[in-house]
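1. Next comes the sequence, and after it the predicted model I'd like to discuss.
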Amino acid sequence: MSSTKSRGARDEHVVEPPEDLHEMLELARFLENHSAPAVLLGPDGEQIPLPVPAYEVLRRVVSAMERGASVSVEPIDKQLTTQQAADLLGISRNTLVRLLDEHELPFERFGQSRHRRLRLRDVLAYRDRKRADRRSRLDELTRQAQEDGLYDVGPEAYREALAEARKS
């Protein structure tokens with residue numbers, strides 16, 4: 001499941017949350033209060049047990065939509081075009097192609113085609129690595145700032161230091 005970042009151009013597999021979230025909130029509360037899978041009830045009264053993996057996907061989808069996020073449930077081995085992968089990562093296609101050329105992300109070519117395809121699992125793994133790296137760097141910067149006592153300095157001292165830095 002991936003949540004999309006903006007309400008601009010959409011893929012046909014993306015489902016937008018409803019405008020009125022009341023029903024989604026009710027469903028989310030119901031799922032939170034029931035840990036065991038339920039049954040599906042057809043319009044003709046036929047019932048079928050909901051398998052645990054499908055139930056877990058439903059819980060995640062409802063949770064995301066309850067928060068107003070759009071969702072897409074895709075097979076993890078789905079192949080993406082370079083544009084789709086770039087959109088998912090929130091970068092330009094040219095930046096993605098550079099990453100491919102630098103072997104930052106694995107890709108496949110079929111036959112003599114120039115077109116590259118990426119696996120969704122690889123794109124998501126790259127995104128997660130980059131997020132963890134950014135988090136780690138921010139933690140390190142925060143630690144250094146604390147060691148240097150920068151959190152003890154008032155805003156006026158920051159303004160003065162910034163003005164001094166701009167002069168030089």
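-> Nice, I can see it.
2. where do the strands sit along this protein?
-> Remark: strands assigned in the chain by DSSP state E are 2-3, 39-41, 47-49, 71-72, 79-81, 108-109, 116-119.
3. just so I know, which of those strands lies nearest residue 101?
-> Shortest distance between residue 101 and the strands of the chain, using C-beta to C-beta, is found for strand 116-119: 10.0 Å. Where you see a C-beta, it was placed from the backbone N, CA and C, and this is true even at glycine.
4. List the strands paired with that closest one, with their directions.
-> Using DSSP bridges, strand 116-119 pairs in its sheet with strand 79-81 (antiparallel), strand 108-109 (antiparallel).
5. Give me the contact list for that strand.
-> With contact meaning C-beta atoms under 8 Å, 6 or more residues apart in numbering, strand 116-119 is reached by 76-82, 85, 97, 100, 105-110.
6. so which two of the residues you listed are the farthest from each other?
-> Using C-beta to C-beta, the pair of the contacts of strand 116-119 lying farthest apart is 76 and 97, separated by 23.1 Å.
7. Would you mind telling me which of those two has more residues around it?
-> residue 97 (15 against 9; other C-beta atoms under 10 Å).
8. just to revisit the earlier point, to residue 168, which of the strands of the chain lies closest?
-> strand 2-3 (44.4 Å).
9. what mean pLDDT does the closest one have?
-> For strand 2-3, mean pLDDT is 43.
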